[in-house]
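[1] one predicted model, sequence on top.
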Amino acid sequence: MSGLCCCEVHGAAEMYLRRVREAIMLQGRNIFKREVLLEVAKEQNQESPELIEYARFEQELKNT
């Protein structure tokens, strides 16, 4: 996932991946869909904007 490179704070990528795991395991969301991955990133960005650059993440994920 190249979009993870825009996670600014050390450990932010791990926090995002934890949220992705929770999305599939606890919420039953389909993490194979890009829109779900973007939703997870947006949720993280809304709670802690210093952890991820959402616009950059979105652009990089779309370019993969």
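    Received the coordinates, thanks.
[2] lowest average confidence, helix or strand, in this structure?
    helix 54-62 (a mean of 89; mean pLDDT, DSSP states H and E).
[3] in it, what's buried?
    If you call a residue buried by 16 or more other Cβ atoms under 10 Å, then helix 54-62 has these buried ones: Y54, F57, E58, E60, L61. To be clear about C-beta, it is placed using only N, CA and C from the backbone, and glycine gets the same treatment.
[4] and those residues as CSV, adding distance to A23?
    Formatted as CSV, the buried residues of helix 54-62 follow (distance: Cβ to Cβ, whole Å):
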residue, distance to A23
Y54, 16
F57, 15
E58, 17
E60, 19
L61, 15
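[5] nearest to L37 among the residues you listed?
    Comparing these against L37 with Cβ to Cβ places L61 closest, at 6.3 Å.
[6] how near is the closest one to Y54?
    10 Å (Cβ to Cβ, to the nearest Å).
[7] find residues that contact each of those two.
    Common neighbours of L61 and Y54 (criterion: Cβ atoms under 8 Å, 6 or more residues apart in numbering): A41.
[8] where do the helices of this structure begin and end?
    In the chain, helices defined by DSSP state H lie at 12-25, 34-47, 54-62, listed in chain order.
[9] which residue is the nearest non-sequential neighbour of the residue nearest to the spatial centre of the chain?
    The C-alpha lying nearest the average C-alpha coordinate of the chain belongs to A41 (Cα atoms, centre = their mean; 3.1 Å). The shortest distance from A41 to any non-neighbouring residue, by Cβ to Cβ, 6 or more residues apart in numbering, is to F57 (4.9 Å).
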